[in-house]
Every structure is written in C-alpha cells, then in structure tokens.
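>>> quick one, structure for this:
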Amino acid sequence: MSYGLSNPNQAAQAPVCPRHPERISYVTCQRCSRPACPECQVAAAVGTQCVDCVRETNRHLPSTRTVFGGKATDGRPIVTYVLIAINVAVFGLQMLIPGFTNHLVYAGLYTSGYFEPEPWRMVTSMFAHSTSFIGHIAFNMYALYICGRVLEPMLGRLRFLALYLVSGLGGSVAVLLITDPRVPVLGASGAVFGLFAAMFVLLRSRGVQTMQIVVLIAINLVIGFIFPGIAWEAHIGGLILGAAMAAVFAYSPKGNRQAVMQWAGTALLVLLLVALTLYGAVNVRVG
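Here you go, the predicted model:
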C-alpha cells in the first residue's frame, strides 16, 4: 500500500518549512505567515509562531534586572559553583604535583626590586590553599557556597564575579603593604571576607537585619589575630574592598546610568589597587 502523494507535482506545490525544506507543513506562523514544521513551531498566546519570530521577539524584550542592576538569573549560583570547582581543582593539582603550589602563591610578593616581577600571583594565590590543613579549603569553600547562594542571585553573575575577584585582589594588596613579602601567603580568605562585607552592606542598604553577619565577621577576624599562620592582613583587605564594591553596587544612582556608574566605580577601585601595588613594590619591606 502506498501512502505517497497521488500527484507527483503536489510535492513541489506543497508548503515546506523554510528551516527544513524537506518537510511539508500546512501550519503557518501567526506573525510572518511562513510554514513551520512541528520542530519549528512554538505555541504562543496568539497562536503558533515559528522559532525565528520567537527569537526575534525575545531579543527586543527588556531583560529583567535585580534590585542592584544585575541581570536576573534563574536562582542557580553558577559562578559560585565554578569558583568552587576551580579552587578544588587547583587544590587537587597541589596535592598531586610536587612544587605546583610554589608557582601560584605569594612568595616574595608579586613584584619588587628584590624579586622577579610576578604580578599574576596576586590572583593565582587566591585559588591555592594549604595542603597540610584540609580545614583551610573546607572553610573557605563552605563560606563561598553560603555567601554565593545569597549574593549571586542578588547581584547577577557578572557583578558577583567582579566582587569576588576584586575582594581577593584587595586581600593580596593588603598583604603586600602590611606584612613581610618573604612570607608565603595563599588562600581565598580575602575574597571570602569580601563576600562577608558585601552581604552586610547590601542587606543593610535594603533595611535587613545584619547583626548575625556582624557577629560572623567579628568572630573570624578575631580568629585571624589569635591563631598563628593566618594572614589577617588579607582578611582586612578583603573586607575593605568587599564593602567598597558593595557600596558601589548598592548606592549608584538608579536608572539608565546605573550600570555605567557601577562599572566605573569598579574600574576606579581596580586602578586604586594597581596604584597601591606599584607603591608597595617600590617600598616593599624586607627588614
């Protein structure tokens, strides 16, 4: 039994889907009136539309923004997960490859008249952790997860990533300016403390009770001063830059210029950190 067309010319005359010319379709798009095969049909309130018209419509829809100007997400802290994965992967390499840590951490910090210029260590050091104390990476990643679940949907992914990196960089700069540059320093603590400070500033700007965050910051600061081997300088630097970044995001004027003002403020903070790094490199303390 044949199920083909009775008229050989009928195939040539039948409407075909423009995206799949081999498929005959008698359903047309309500917007452009072009045929659309089942794969290219999208149900809409006004009838069936083709995927091309739906895509074009979505391009012109205003994107939903968070209260702080970031692009709204689906709630999943993707950047947080990626940062945790990077930290864990680096930790694994530190465990597996002898001497790998020495290529990442602050050991003679970054750039000075006494050491070879290695400014990338200001960033790579925040992704390395102590291999002799598993609690180091465990605490930092747990804190990153807890804070990221709140801050990333609140700020948007790009702003959250900028907050994390600039806070970590602020911790590195504080180490350069305050402590002996010959002492190795590593860890995400500066970035994590930046997230603590940002959570305080952002929630405070919305009128939310922040006493629990204040207690959390105070306890962790005190721990840094009591126990040896903890770079409290990085904690202080991360706190300051995290608070500054959060203030830029929270208090920039609302409206069309909000994003411009926020990224301009971020750029100024980065330039300040670069200037302080150059100052610290020239005036590095090795006595």
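>>> for the stretch 51-200 of the chain, what spans make up the helices?
51-59, 78-96, 121-124, 134-155, 157-178, 189-205 (DSSP state H, counting those that start in this stretch).
>>> ok, which of those comes nearest residue 277?
Shortest distance between residue 277 and those, using CB to CB, is found for helix 157-178: 5.7 Å. Placement of C-beta: from N, CA and C, glycine included.
>>> could you give the angle of that closest one to helix 78-96?
50 degrees (axes from the mean of the first three to the mean of the last three CA atoms, to 10 degrees).
>>> any idea how far the nearest residue to residue 19 once chain neighbours are set aside lies from residue 27?
Leaving out its chain neighbours, the residue that sits closest to residue 19 by CB to CB, 6 or more residues apart in numbering is residue 40, at 5.3 Å. Counting by CB to CB, to the nearest Å, the gap from residue 40 to residue 27 is 9 Å.
>>> who has more neighbours out of these two?
When residue 40 is set against residue 27 and neighbours are counted by other CB atoms under 10 Å, the residue ahead is residue 40, at 22 against 16.
>>> surely that one touches residue 48?
No: in this structure, residue 40 is not within contact of residue 48 by CB atoms under 8 Å, at 9.7 Å.
>>> burial of residue 64, as a residue count?
Using other CB under 10 Å, residue 64 is surrounded by 8 other residues.
>>> now swap in residue 26 and tell me
Neighbours of residue 26 (other CB under 10 Å): 8.
>>> same question for the one 4 residues further on.
Each residue near residue 30 was counted by other CB under 10 Å, and the total is 15.
>>> please name the nearest non-neighbouring residue to it.
In space, residue 30 is closest to residue 47, 4.0 Å off (CB to CB, 6+ apart).
>>> partner residues bridging the one you found?
residue 44 (DSSP bridges).
>>> count of residues packed around the residue nearest to residue 159 when sequence neighbours are not counted?
Counting by CB to CB, 6+ apart, residue 70 is the residue found nearest to residue 159 once chain neighbours are left out, at 4.6 Å. Neighbourhood size, residue 70 [other CB under 10 Å]: 20.
>>> isn't residue 70 right next to residue 151, touching?
No: Residue 70 is beyond contact range of residue 151, at 10.1 Å (criterion: CB under 8 Å).
>>> where do the contact lists of those two overlap?
Residues touching both residue 70 and residue 151 (CB atoms under 8 Å, 6 or more residues apart in numbering) are residue 160.
>>> distance of the residue nearest to residue 19 from residue 32?
Applying CB to CB to residue 40 and residue 32 gives a distance of 11 Å.
>>> kindly report the same for residue 126.
51 Å.
>>> out of the two, which sits in the busier spot?
Of the pair residue 126 and residue 32, residue 126 is the one with more neighbours under other CB under 10 Å, namely 32 against 14.
>>> state the pLDDT value of the nearest residue in space to that one that is not next to it in sequence.
Spatial nearest neighbour of residue 126, excluding adjacent residues (CB to CB, 6+ apart): residue 168 at 3.8 Å. Per-residue confidence (pLDDT) for residue 168: 94.
>>> include distance to residue 214 and mean neighbour count when you put the helices of the stretch 51-200 of the chain into TSV, please.
TSV is the format used below for these (distance: least, CB to CB, whole Å; neighbours: other CB atoms under 10 Å):
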stretch	distance to residue 214	mean neighbour count
helix 51-59	43	13
helix 78-96	23	16
helix 121-124	29	19
helix 134-155	15	19
helix 157-178	18	24
helix 189-205	7	25
